[in-house]
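Enquirer: A structural model of the following input is requested.
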Amino acid sequence: MKLRHCITELLRFQSAGVGGALAVVSAVCVLGTIFDIRILYLFIFGVLVMAWGMGMNEICDLATTDRRAKSLNKVLVRGDISLKTAKIIVVMLAVATIILGTWIAWANVTALYVLTFGILFGVGYDLFSKKFVWAGLLAGGWVFCLILFSATIVVATVPVIVVLLSLFGCLFMIEMCSFQGSIKDLNTDDWNLGLHLGCYATKGGEIKLSATFVILAVIIKIMQITALSLILLYLTPSIIIVLLSTGFLAINIATFCGYLRIKNTSQRSKLKKHYSITAFSALVSIGVPLCVIIPVFELTPLMIIPLLWFMVCNLILYGSFIRPRW
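Expert: I've put the predicted structure just below:
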């Protein structure tokens, strides 16, 4: 495999567009437009943050679950790129990201604090995701800071809408990492939240979910719905926007019920489908209400950029919109 393919796979660069979108969403809300040079800087920052975070996660997981699970879809497990080379790439990218973030936030004390905590949360998740059952909270803190960071760059006082957006993103990431991730990794992760809360998979791969696990997952989902409801209440959008946002939220809830009904650890591809649909529906359900403060023709590209980024990266690297062997 070519080196650029290995590096891209290590950094999961096709997915880095999501980081870029998250990094600019609150700044776009505050400015009311995407046509500002700071949006470009923040987008690049978000892409780099997501890329080196993914690379570091690959390195940290190699010593725990990936090698044990023989995850041959992982570039380090296959040995296509050496661990030493991977570490050098990730460190160099991390340094570049921190330098860019510091430059963007220079002379803004609040932004520098948010940047620092965001980096600490992100690194903490990568280092302890397989050693700490509630590591999903660190991932949630990382997303909260990433969304909050861009607002602190462009405004002195952070508006309520930005706090709510950050909270929604935080809760969604906690759900993805702590609950959906738990089901996916029941067989391989010794520090799995699901195992901690009494869930288990039998030798045949059958998944048993404890009442405590289900209750906590439902609480997180209810908190997401509450955050979205507060956003709608704060913005007081038209009935059409409310219906559209509610519709995508219903899709999100349906996939939530779907992953709780998955009964066997062999259904990882099905779980990944739930991941994708859940993420898309969550982003759109939170994005639609923002049409109240951002012109639709500007907001729409922001919502589809992650998908376009993913498809274009794959086309350039692999000659296909969908990466081979996925």
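Enquirer: where do the helices sit along the stretch 101-250 of the chain?
Expert: Here the stretch 101-250 of the chain has its helices, by DSSP state H, counting those that start in this stretch, at 109-128, 136-154, 160-174, 181-184, 193-196, 211-235, 239-260.
Enquirer: Highest mean neighbour count out of those?
Expert: With neighbours defined as mean count of other CB atoms under 10 Å, the helices of the stretch 101-250 of the chain peak in mean count at helix 136-154, which reaches a mean of 25. (Each C-beta comes from the backbone N, C-alpha and C, glycine too.)
Enquirer: Run through the neighbouring helices and strands of it.
Expert: Under the contact definition 3 or more CB pairs under 8 Å, 6 or more residues apart in numbering; DSSP states H and E, helix 136-154 sits against helix 16-31, helix 37-61, helix 109-128, helix 160-174.
Enquirer: run the last query once more with 6 Å
Expert: helix 16-31, helix 109-128, helix 160-174 (3 or more CB pairs under 6 Å, 6 or more residues apart in numbering; DSSP states H and E).
Enquirer: quick one, which of the helices of the stretch 101-250 of the chain is nearest to residue 10?
Expert: helix 109-128 (13.3 Å; CB to CB).
Enquirer: rank the helices of the stretch 101-250 of the chain by mean pLDDT and give me the bottom one.
Expert: Sorting the helices of the stretch 101-250 of the chain by mean pLDDT places helix 181-184 lowest, at a mean of 84.
Enquirer: Distance from that helix to the middle of the chain?
Expert: 15 Å (CA atoms, centre = their mean, to the nearest Å).
Enquirer: And for that helix, what's in contact with it?
Expert: Helix 181-184 is touched from outside by 192-194, 271, with contacts defined as CB atoms under 6 Å, 6 or more residues apart in numbering.
Enquirer: Next: stretch 260-268.
Expert: Counting by CB under 6 Å, 6+ apart, residues outside stretch 260-268 touching it are 186-187, 201, 205-207, 271.
Enquirer: Report the buried residues of that stretch.
Expert: Buried residues in stretch 260-268, counted by 16 or more other CB atoms under 10 Å: 260, 262, 265, 267.
Enquirer: Could you do stretch 45-63 as well?
Expert: Neighbour-count burial for stretch 45-63, counted by 16+ other CB under 10 Å, picks out 45-62.
Enquirer: picking that back up, with distance to residue 238 added, can I get the helices and strands packed on helix 136-154 in CSV?
Expert: CSV is the format used below for the helices and strands packed on helix 136-154 (distance: least, CB to CB, whole Å):
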stretch, distance to residue 238
helix 16-31, 18
helix 109-128, 33
helix 160-174, 17
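Enquirer: Out of the ones you listed, which is closest to residue 99?
Expert: Comparing these by CB to CB, helix 109-128 comes nearest, at 11.3 Å.
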